[in-house]
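**Student:** model the following, please.
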Amino acid sequence: MRSFNRGALDLRPVTLTPGVTRYAEGSAQVEFGHTRVLVTCSVEDRVPPHLLGKGSGWVTAEYGMLPRSTHTRSQREASKGKQTGRTLEIQRLIGRSMRAAVDLSTLGVRTFTLDCDVLQADGGTRTASITGAYVALALAFRKLHKDGVLTRMPKLNPLAAVSVGVVKGEVRVDLDYDEDSTADVDLNLVATADGRIVELQGTAEHQTFDRKTLDAMLDGGLAAIRQLVEAQQKVLGG
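**Tutor:** Got it, this is the predicted structure:
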């Protein structure tokens with residue numbers, strides 16, 4: 001039986017709580033079952049060197065896990081003096097995904113940084129981060145528009161992410177840690193509400209998979225993403 005007594009293609013209970021911090025321009029806490037991620041969006045009037053003089057804005061992300069977000073304590077990466085390859089991979093994925101959701105030329109010369117801090121990990125932290133980052137970024141746009149910093153609201157293409165896999169020969173959506181750690185196939189899907197794929201990362205962890213299985217994973221994942229976008233729109237007020 002799956003966690004939360006759900007079917008193979010069902011999401012865990014998903015909660016998106018907007019505006020959870022006092023100081024950031026935008027924020028949200030996202031929960032996929034027992035996975036919890038705090039996302040804040042901070043805005044600075046600067047851009048990376050490669051955008052200087054181009055009049056374009058930038059969206060980027062940083063990702064981290066609290067020491068006791070997992071079963072045993074992990075040493076803070078800051079105390080080690082460097083980030084792990086996993087952290088760099090995930091934060092680059094989040095940044096790429098969110099840049100795909102917005103026209104950077106409409107942001108002015110400023111950088112939107114999405115900080116995704118995992119409070120508790122039970123699988124799917126990177127996909128939860130992306131889903132929550134969308135809400136935090138949308139709230140930051142609204143604040144800047146309300147404050148007159150942005151003369152018009154940047155268009156934000158609805159986007160979310162979910163994990164999909166093959167566990168015990170069955171295609172399943174939104175894997176928790178127990179499923180993720182034993183999955184034969186592990187896939188992360190980022191897509192828009194209308195089914196356009198932003199990023200697809202799939203790995204045959206223990207068994208290869210055929211095109212039919214890939215199609216089934218995509219169908220299940222895209223259906224779940226439509227549900228996640230509906231949840232985002234609900235908390236954002238449509």
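**Student:** distance of residue 229 from residue 158?
**Tutor:** 5 Å (C-beta to C-beta, to the nearest Å). Yep, even glycine has a C-beta here, placed from its N, CA and C like the rest.
**Student:** list residues touching both of the two?
**Tutor:** 192, 193 (C-beta atoms under 8 Å, 6 or more residues apart in numbering).
**Student:** scan this protein for its longest helix.
**Tutor:** As assigned by DSSP state H, the longest helix anywhere in the chain is helix 211-236.
**Student:** what's that helix packed up against?
**Tutor:** strand 14-18, helix 125-146, strand 159-167, strand 170-173, strand 185-192, strand 197-204 (3 or more C-beta pairs under 8 Å, 6 or more residues apart in numbering; DSSP states H and E).
**Student:** how about the residue nearest the centre of the chain, nearest residue that isn't a chain neighbour?
**Tutor:** By C-alpha atoms, centre = their mean, the chain has its centre lying nearest to residue 130, at 1.2 Å. Of all residues not flanking residue 130 in the chain, residue 161 sits nearest, at 3.9 Å (C-beta to C-beta, 6 or more residues apart in numbering).
**Student:** likewise residue 176?
**Tutor:** residue 123 (4.3 Å).
**Student:** likewise residue 17?
**Tutor:** Going by C-beta to C-beta, 6+ apart, residue 17 has residue 29 as its nearest residue, at 4.5 Å.
**Student:** touching, the one you found and residue 36? I think so.
**Tutor:** Yes. Contact criterion C-beta atoms under 8 Å: residue 29 and residue 36 qualify, at 6.6 Å.
**Student:** shared neighbours, the two?
**Tutor:** Common neighbours of residue 29 and residue 36 (C-beta under 8 Å, 6+ apart) are residue 119.
**Student:** just the pLDDT for residue 206.
**Tutor:** You'll see residue 206 listed with a pLDDT of 89.
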